[in-house]
Each structure stands twice: as C-alpha cells, then as structure tokens.
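S.K.: Provided below are the primary sequence and the corresponding predicted coordinates.
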Amino acid sequence: MTVRGSFTIKGLDGYLEDLAQAGKDVDQIVSELLTEAAPIAEELMHENLRRTSETWTGATEETLFSSNVQKDGNYSFIEIGADSTRDFASWAKEYGTVRQVAEPFLRPAFTKLRHHELRMMLKAILERFGLPT
Amino acid sequence: MTTIFERVTTALNTLSPAVPFALAPYLTEAGGDVPDTFIAFQLISGNPEQSADDAETQCSYVVQISIYSRSGLVSLPDVNTAMSAAGFQKSNERQLPKDPETGHFGLAKDYVYLE
C-alpha cells in the first residue's frame, strides 16, 4: 500500500527577510561552520572504524581525510572520505570482498551526518544570524 | 516480528533460477571453493527515522547485496525485481574490484527498507 501525504511550511518569507536584514554574509557563516564541522565529521569516521574493526592494522585509518572548505558557484562544501588509492584496505573494509565481510564506516557516518549533524548545522547557522531556531 | 534478515532471505529465495546466497561472509566447508555465482548480504546500518511518545515509530535499514560472478557482470541475477517485490528501495551500487584469489567480479548494491 502506498501512503501519500503533504506538508506545508509557512513563515519562510519572514525568515528570508530576517536573514537579509541581519546584514551578515551567509557564505562566510557557512564557511566557518563547515570548517568547524570537518574534524567532527572525520572523527565520526574514526569512531566507526575503531568500533567495527575486528582486527586493527591502522591501514584504513591513514586513508581518512577531510578537505578545506571549497566553493563551486553558490555551493560551499567540504569533502570527507577515505582515499582508497592510497590503500585498498579502506575499500575492502567498507564494501567487503569475496572472503571478507564488510565493516562499513563511511556509509553509517554519512547517514548520521545527514540525519543529525546537518540539522545541527542549520540550527547553528540561524543562531549565528541571531534568529530563533 | 519479521527481522530485516528474514525479509532479505525471503526476497532472495524468489530468484529464478535460484542463486546460492548467505549472510556475509559466504562460508564454504574447509578447502571448498565458492560457487561461480553467489550472493552475500549484510546489514550496513539501521537508523531511527521517527519517534512519538518516547518510542521509535519508524526506522530504516540499509542492506548491501553483493553479487559475485566469475563470468563477469553482464548477466546477473535480477536482484532488483526480487528486492523491490519485498518492499525494498534500490539505492547506490558500485562495482567491486575483481578478486585476485577467486577470480570473481563483484557488484555491491544497497537497498533501503523502511518499517
């Protein structure tokens, strides 16, 4: 059975006006928050790695990275992940092989970032604008 | 209550022709070789999606289905149809490097189940 629903968000016009009147550079605030978020995101991967690893060699941990804030047009972003070109161990650990069960550390980290940390960041952006959250 | 593992097992049992599958890792008897084509599945994460009155009312599961085949990836079991019929939504997929020991090519497909 398919369940359908709809929802309406009201009051966004007022929010946007408040943002414009705050006179702050939203790109600057997002950039600051992303810079603060990068080590948190990377630590999340480290945590997952330590928790899921049945044996510990440290090989995968050395491939973890987070970038500085980058911009592409209106998008501000950071890159986080594991560089499997440096060591295949990270790929095998995340996705498994014929003989090796996967010990995923990236996908659960990204899921948590999407579910929880992203919401926290949006809240922090509004707080830095002095707007109610 | 039906577990996510039962749901995946039920779905993969509908594959025709049948393909050997198991919860990862796919184990064989000592010294035994793995089949030319087989499937290994595992739970990647279970995530709470919605709560009400201090109780979880909805959660999602991400399941990885890895299809391994020595003959390449052109003709593979129709896992999408089997999983969709069981209520799973298709998500990301990626090719796995050829296994140098067993000679299997691999394709890992993620599916999401919301309950």
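M.R.: That came through fine. Residues are numbered from 1 along each chain as shown, chains lettered A, B, ... in the order given.

S.K.: what's the next secondary structure element after the lowest-mean-pLDDT helix or strand in chain B?
M.R.: Sorting the helices and strands of chain B by mean pLDDT, DSSP states H and E puts strand B:37-52 at the bottom, at a mean of 92. Toward the C-terminus, strand B:37-52 is succeeded by strand B:55-69 as the next helix or strand (DSSP states H and E).

S.K.: quick revisit: what's the least confident helix or strand of chain B packed up against?
M.R.: Judged by 3 or more Cβ pairs under 8 Å, 6 or more residues apart in numbering or on different chains; DSSP states H and E, strand B:37-52 is in contact with helix A:106-112, helix B:4-12, strand B:21-23, strand B:55-69. The way it works is simple: take the backbone N, C-alpha and C, and place the C-beta from them, glycine included.

S.K.: so which of those is nearest A:Glu127?
M.R.: Taking Cβ to Cβ, helix A:106-112 is the member of the helices and strands packed on strand B:37-52 nearest to A:Glu127, at 21.1 Å.

S.K.: related to what we said a few turns ago, strands paired with the least confident helix or strand of chain B, and their directions?
M.R.: In the sheet, strand B:37-52 lines up against strand B:21-23 (parallel), strand B:55-69 (antiparallel) (DSSP bridges).

S.K.: now the helix or strand that the longest one is followed by, how far from the centre of its chain.
M.R.: This means strand B:55-69. Going down the chain from strand B:55-69, the next helix or strand is helix B:79-85, by DSSP H and E. Mean-position distance between helix B:79-85 and its chain equals 10 Å (Cα atoms, centre = their mean, to the nearest Å).

S.K.: which other helices and strands contact helix B:79-85?
M.R.: helix B:4-12, strand B:55-69, strand B:89-96, strand B:105-114.

S.K.: which regions of the chain lie under the pLDDT threshold?
M.R.: Since you didn't name a chain, this refers to chain A. For chain A, the stretches with pLDDT under 70 are A:1-20, A:22-23, A:133.

S.K.: that answer is for a different chain, and I need it for chain B
M.R.: For chain B, no range has pLDDT under 70.
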